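# just the structure for this:
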Amino acid sequence: MFGSNTLEIAIGIILLFFLVSTLCTAIREGIEAKLKTRAAYLEQGIRELLNDFTGTGMAKSLYDHPLISGLFNGAYKTLAKGDETTLKRPDLLAGGKDLPSYIPSKNFARALMDIATRGKDMGAVNLNEPSNTITIDNIRNNISNLGNPQIERAILNALDLAQGDLLAAETNIENWFNSSMDRISGWYKRSTQWIVFWIALSVAVVMNINVFTVVDYLSKNDTSRKMLVQRAGVLTKDSTMLKMDYIEADKALKDLKLPIGWSNDDSYRINHTERSGIWNNFLGPVLGWLITALAATMGAPYWFDLLNKFMVIRSTVKPNEKSGEEPSQDLKGKKSDIVFVTPPPNSPTNSVMDNAENELDCCSEPFNEDTPDQELPVAKGGVAL
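Numbering: from 1, shown residues only. Alright, predicted model coming up:
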């Protein structure tokens with residue numbers, strides 16, 4: 001099991017990683033709010049789902065539908081680059097312009113069923129005609145107007161599995177949309193991890209957050225180590241710490257009073273007494289920054305949960321250290337192996353023992369109630385006061 005010092009150093013490092021992750025996440029959210037990269041990934045995912053690489057066919061009809069266009073400002077403008085024949089993932093920092101970052105699956109399914117029934121034209125339609133009512137039969141009869149065999153096949157499959165139930169057909173289309181969005185979410189998550197990595201690496205270099213230097217410092221400074229553990233104990237009791245913004249995270253990181261930053265020219269060296277060597281001047285700092293950056297990609301919630309677990313472990317280790325080790329279980333409740341045997345009343349052994357006791361207690365002297373206390377013989381044995 002971890003020793004107390006090692007455990008406290010681990011808690012300090014986890015606390016550091018948590019605050020760095022929170023700081024980098026705040027920066028990432030600021031970039032996302034400006035660029036709306038998630039909207040770019042969603043738009044490309046819909047173009048791929050609807051087999052519309054250029055964004056001039058079914059994708060445009062879907063985004064122009066009132067159930068979708070009401071989710072963003074302005075008119076739809078495709079993010080496709082020229083006449084694309086294949087889809088490529090958007091750039092890490094692609095801009096989504098004014099497009100929505102999220103489309104409810106129910107809106108997608110109902111808009112697609114409406115387009116399949118009434119056509120792509122968003123102009124006025126004669127709602128009094130029975131053929132314009134969204135039913136299973138009308139969708140089947142008018143679906144060829146989409147002019148997209150792949151989408152037609154997917155919708156017909158949803159209708160067949162619904163067995164005449166329109167709501168079940170809607171649910172089937174929703175599931176088709178959600179399965180595709182799960183894949184798009186995976187793309188976006190991986191791109192976000194890369195963005196956070198580069199942000200964290202930049203932060204680690206600019207703020208000189210070298211994990212090796214911090215470990216070396218905590219191993220030699222008991223006061224700072226105890227302070228970090230107390231800080232971690234307070235932090236783990238407040239789940240709102242996960243919602244810190246950039247300013248709060250930056251302040252909390254500086255309040256740790258760790259050897260980070262460039263105020264000291266030797267701060268990046270693990271061993272300040274050695275000013276030379278490739279490890280102290282290059283490999284150590286670079287590797288320390290890389291570890292910090294990789295740790296930040298795990299995300300603040302991961303480090304927050306891990307910090308809670310380590311604090312629980314520490315709370316179970318500390319009482320044992322204070323109370324000391326307990327005696328062996330083999331000795332608990334075990335009676336002595338020595339057996340005292342009482343001799344028979346008339347045995348010689350018993351007589352000898354009685355005489356010895358009488359001599360010690362002065363019981364061999366004749367008893368006289370009128371004998372004053374000062375004339376009593378001195379007792380032999382007993383406890384001296």
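# give me the below-cutoff pLDDT ranges for the chain.
1-3, 82-87, 122-131, 263-277, 317-385 (pLDDT under 70).
# tell me which residue is most central in it.
In the chain, the residue lying closest to the centroid (CA atoms, centre = their mean) is Tyr302, at 1.9 Å.
# spatially nearest residue to that one (excluding sequence neighbours)?
Distances taken as CB to CB, 6 or more residues apart in numbering place Ser21 nearest to Tyr302, at 7.7 Å, with adjacent residues excluded. Yep, even glycine has a C-beta here, placed from its N, CA and C like the rest.
# residue contacts, the one you found?
With contact taken as CB atoms under 8 Å, 6 or more residues apart in numbering, Ser21 is in contact with 196, 200, 295-296, 298-300, 302-303.
# and the helix or strand containing it, how far from the chain's centre?
With elements delineated by DSSP states H and E, Ser21 resides in helix 4-35, which encompasses its position. Centroid displacement of helix 4-35 relative to its chain, using CA atoms, centre = their mean, to the nearest Å, is 11 Å.
# now stretch 137-155
The gap between where stretch 137-155 is centred and where its chain is centred comes out at 45 Å by CA atoms, centre = their mean.
# now the end-to-end length of that stretch.
For stretch 137-155, the first-to-last residue distance is 12 Å (CA to CA, to the nearest Å).
# mind listing the helices for the stretch 51-200 of the chain?
Counting by DSSP state H, counting those that start in this stretch, the stretch 51-200 of the chain forms helices over residues 58-64, 66-69, 105-118, 136-142, 149-162, 166-206, given from the N-terminal end onward.
# right, so of the ones you listed, which gets closest to Ser219?
In this view, those are compared for proximity to Ser219 by CB to CB, and helix 166-206 is the closest at 20.4 Å.
# which strands or helices does the very next helix or strand once past the closest one pack on?
Secondary structure here is assigned by DSSP H and E; on that basis, the next helix or strand after helix 166-206 toward the C-terminus is helix 211-220. Counting by 3 or more CB pairs under 8 Å, 6 or more residues apart in numbering; DSSP states H and E, the packing neighbours recorded for helix 211-220 are helix 4-35, helix 222-235, helix 284-296.
# nearest residue to Gly12 in space, please, no chain neighbours.
The shortest distance from Gly12 to any residue that is not its chain neighbour, by CB to CB, 6+ apart, is 4.0 Å, and that residue is Leu228.
# who are the contact partners of that neighbour?
Leu228 makes contact with 8, 11-12, 15, 218, 256 under the criterion CB under 8 Å, 6+ apart.
# can you do 10 Å?
Remark: with contacts taken as CB atoms under 10 Å, 6 or more residues apart in numbering, Leu228 is in contact with 8-9, 11-16, 214, 218, 221, 256-258.
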